[in-house]
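> Quick one: sequence plus predicted model below, questions after.
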Amino acid sequence: MPFAGTIEDFMTDPYSIYRGMNSEAPLTPVGPSDYIVTDPGLILEIFENHTKFASVHNLEGHFPICDEARTLLDDTLFYRGALFNEAPPAHSAFRKTFIRPFTPAAVDKLAPKIRDLAVEFSGDLQGRNGFDVMRELAFPLPIKIISDMIGIPEDDRAQVKQWNDLWLALQVAPLPPDVQVQAAGAVRVYEDYVRNLIAEIRAERRPNLILEMADAIDTPSTVHQVEDIIVAIRVMIAAGHETTSGLIGNAVSRLIGTGRWAQLAENPSAIPDFVEETLASDPSVQSAPRSVEEDTNIRGITVPAGARLHLAIGAFGAIADENGTAADPDAKGHRHIGFGHGIHRCVGSHLGRTEARIALEALLAAVPAAPRLDEAAPPQRLPGGFVFRSFSSLPICW
């Protein structure tokens, strides 16, 4: 039975919707050629079959784009597939060019810097009675870290974030035509900026992730060009910022909602496990798309070639414990796939976990009393389609 709800319903409570869908069928039509997959075992099967269910079309947008915006985008890299969404060997070869700063060893070395920034952003709250978790901590912390790693100049970061937000909105949100046209125009300007930045970094030999990827172009085993770096940078900013800021906000909301603030403040060693709990119960990434490469029968349902499957990461955590489905081996007892699964599992998972853990440590230490949500300024959710679940603002008070 097709889903009759709206994107707004998903923003309010996706988990009851997932359970309702899954009680009817393992996958549910949500559009002419889109399906949400909610059965945990089936989600894992599709994640693991990257030949029949491909990621290469993931960056082509989830909603229809008007003709005027599409004409503008046809002259950009918007529809160029990201190499890390390809199948091996291109996927593996490109991933090697940027993996180093995301390894556990590299992230552990970065932890003191993350801690200093988290403490700075949390600030001295003794003289205050309120704090916006998103605006003051969850947004600035991960964007600072990922921008430093990539090599985005400090003075350009606000503009780069605005460009990236417009590009991401085209990917995941149903925008009115005039906003689509505005965003499409910004995509070309954004790409020109990144192309020039890559040239500057190569010429000046600034040590950062862009330089590592650019230098790899000249190696014998290269599979990428400058255009592939531009595409990758957009995804890295979104993955390194939006997913982590959403995780931090969702964790704080859950902590307050379950009445466990004081408990965790007194026992900070339990924070890593609480991060895993949030990844299982309220992940910031709600789904991962896969394109069906050939007509396929999935649990008795014929799904045509070209259809898009939205693998409901949020449904996995909501339903997996009910049937004992295995998941992330690093999840410390919480069954989840909050960072994906299979060969395309998020390369920045250790960084995301570390940033969320340290942000919670800093905030729990800084807030002078157990907070509550601010009734005068209720939390606001970002429009994230079927993909993201995050707050745009999360005011707390005490």
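Nice, I can see it. Residues are numbered from 1 along each chain as shown.

> For the protein, which segments count as strands?
27-29, 34-37, 53-54, 130-132, 287-292, 296-298, 301-303, 308-312, 372-373, 380-381, 391-393, 395-397 (DSSP state E).

> nearest to Leu247, of the ones you listed?
strand 391-393 (11.0 Å; Cβ to Cβ). In short, each C-beta sits where N, CA and C put it, glycine included.

> Local confidence estimate at Ile143?
Per-residue pLDDT puts Ile143 at 95.

> Find the residue closest to it in space, skipping its chain neighbours.
Distance criterion Cβ to Cβ, 6 or more residues apart in numbering; nearest residue to Ile143, sequence neighbours excluded, is His241 at 4.6 Å.

> What residues sit buried inside the longest helix along the chain?
Longest helix of the chain, by residue count under DSSP state H: helix 177-204. For helix 177-204, a neighbour-count test (16 or more other Cβ atoms under 10 Å) marks 179-181, 183-187, 190-191, 193-194, 197-198, 201 as buried.

> returning to that earlier point: so the residue nearest to Ile143 makes contact with Ile146?
Yes: judged on Cβ atoms under 8 Å, His241 makes contact with Ile146 at a distance of 5.6 Å.

> Tell me how far the residue nearest to Val235 when sequence neighbours are not counted lies from Ile233.
Nearest residue to Val235 in three dimensions, chain neighbours excluded: Ala82, at 5.6 Å (Cβ to Cβ, 6+ apart). According to Cβ to Cβ, to the nearest Å, Ala82 and Ile233 sit 10 Å apart.

> These two: who's more crowded?
More crowded of Ala82 and Ile233, by other Cβ atoms under 10 Å: Ile233, with 25 against 19.

> Spatially nearest residue to that one, not counting backbone neighbours?
Val194 (5.5 Å).

> can you map out the helices along the stretch 201-350 of the chain?
209-215, 226-237, 243-257, 261-266, 271-281, 313-323, 349-366 (DSSP state H, counting those that start in this stretch).

> packing partners for the fifth one?
With contacts defined as 3 or more Cβ pairs under 8 Å, 6 or more residues apart in numbering; DSSP states H and E, the secondary structure elements packing on helix 271-281 are helix 243-257, helix 313-323, helix 349-366.

> Find the residue closest to Leu360 in space, skipping its chain neighbours.
Ile271 (5.1 Å).

> what's the neighbour count on that neighbour?
Count around Ile271 with other Cβ under 10 Å applied: 20.

> hang on, it packs against Glu361?
Yes: judged on Cβ under 8 Å, Ile271 makes contact with Glu361 at a distance of 5.9 Å.

> Please list the residues outside stretch 60-74 that contact it.
Applying Cβ atoms under 8 Å, 6 or more residues apart in numbering, the contact partners of stretch 60-74 are 34, 78-79, 170-175, 177, 180-181, 183-185, 187-188, 289, 308, 385-387.

> before we move on, what about stretch 205-218?
97-98, 100-101, 148-151, 197-198, 200-202, 222, 224-226, 229, 232-233, 236.

> what do you get if the cut-off is 10 Å, keeping everything else the same?
The contact list for stretch 205-218 (Cβ atoms under 10 Å, 6 or more residues apart in numbering) reads 93-94, 96-102, 146-153, 194, 197-202, 204, 222-226, 228-230, 232-233, 236.

> List only buried entries from those.
Buried members of the contacts of stretch 205-218, counted by 16+ other Cβ under 10 Å: 93-94, 97-98, 101-102, 146-152, 194, 197-198, 201, 223-224, 228-230, 232-233, 236.

> wait, Thr258 sits on Glu277?
Yes: Thr258 lies in contact with Glu277 (Cβ atoms under 10 Å); the separation is 9.4 Å.

> pretty sure Ala87 contacts Val56?
Yes: shown here, Ala87 and Val56 form a contact pair, counting by Cβ under 10 Å, at 7.6 Å.
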